[in-house]
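Engineer: any chance you could fold what I've pasted below:
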Amino acid sequence: MRKFDLKAFSKNKKNKNYYRYIKINDEGATIETYLIENKDSYQETIVYLNTPIKKRYMYDKYTLNIIKEISSFYDCIIGFRREYNEDGVLIVEIDNDAPYKFSWQNLVKKMKTEYDIDLMDKLDQIKNNNSVSYLSRNSQKMQYDIRIPCEFIPHGFPEERFEIDATTGEIITHIKNKEKIYPNANRD
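Structural biologist: Numbers count the residues shown, from 1 in each chain. Take a look at the predicted model:
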């Protein structure tokens, strides 16, 4: 069972309720961890640097046991959301990916293959002028929405937009930056 390390937090916290550090985890990934003290809980947010992946854990302030955990990809809650009772026993588990036949991993592959936009590498996005400012998925419409700001274009769109069907992976709408060419994109 995951527990909050109050001793390390108390030793290192700043401004009375906040602690942040960067380290290389056991898998070799560089992560930034934020620890925050709330009124009745502690929150741990782990950011995988140079990626859009975050993991969040909430801990009971008195037992220090985990009470909630979620993962996110940009603005999309992904994987399993888990909730635990005060004793750290799992009471709720929801698969946030289940409704989406075209998974977020499929979306990453499609955007890289067809548009040379690497959704997993923020440095590559900056280098190639493809910085994703917004990515979400809508369970009512069953679609992904991606927005990429463009340099100012007179009488043009300030951002490139993709709407992608979350069941089939087909492009619903693509408002394109006229300066970019995508040789691998599927054509209608």
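Engineer: and the pLDDT for the closest residue to E83 other than its chain neighbours?
Structural biologist: Leaving aside its chain neighbours, E83 sits nearest to V92 (4.0 Å; criterion: CB to CB, 6 or more residues apart in numbering). All C-beta spots, glycine's among them, are computed from the backbone N, C-alpha and C. What the model reports as pLDDT for V92 is 98.
Engineer: okay, now V92: neighbour count?
Structural biologist: 11 (other CB atoms under 10 Å).
Engineer: return the distance of the helix or strand containing it from the chain's centre.
Structural biologist: Here V92 sits within strand 90-95, counting by DSSP states H and E. Relative to its chain's centre, strand 90-95 lies at 20 Å (CA atoms, centre = their mean, to the nearest Å).
Engineer: which residues touch the residue nearest the centre of the chain?
Structural biologist: Nearest to the geometric centre of the chain sits F73, at 2.0 Å (CA atoms, centre = their mean). The contact partners of F73, by CB atoms under 8 Å, 6 or more residues apart in numbering, come to 52-53, 104, 135.
Engineer: ok, which pair from those is furthest apart?
Structural biologist: Taking CB to CB, the two most distant members of the contacts of F73 are I53 and L135; they sit 12.0 Å apart.
Engineer: measure R137 to K109 for me?
Structural biologist: Applying CB to CB, to the nearest Å, the value for R137 to K109 is 16 Å.
Engineer: just the strands in this protein please.
Structural biologist: Per DSSP state E, the chain carries strands over the ranges 18-24, 30-37, 41-48, 53-60, 66-73, 76-84, 90-95, 134-138, 143-149, 159-165, 171-175.
Engineer: dump those into CSV; add distance to K11 as well.
Structural biologist: Formatted as CSV, the strands of the chain follow (distance: least, CB to CB, whole Å):
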stretch, distance to K11
strand 18-24, 9
strand 30-37, 11
strand 41-48, 14
strand 53-60, 17
strand 66-73, 21
strand 76-84, 26
strand 90-95, 30
strand 134-138, 37
strand 143-149, 41
strand 159-165, 44
strand 171-175, 51
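Engineer: pick out the shakiest of those strands, pLDDT-wise.
Structural biologist: Lowest mean pLDDT of the strands of the chain: strand 134-138, a mean of 83.
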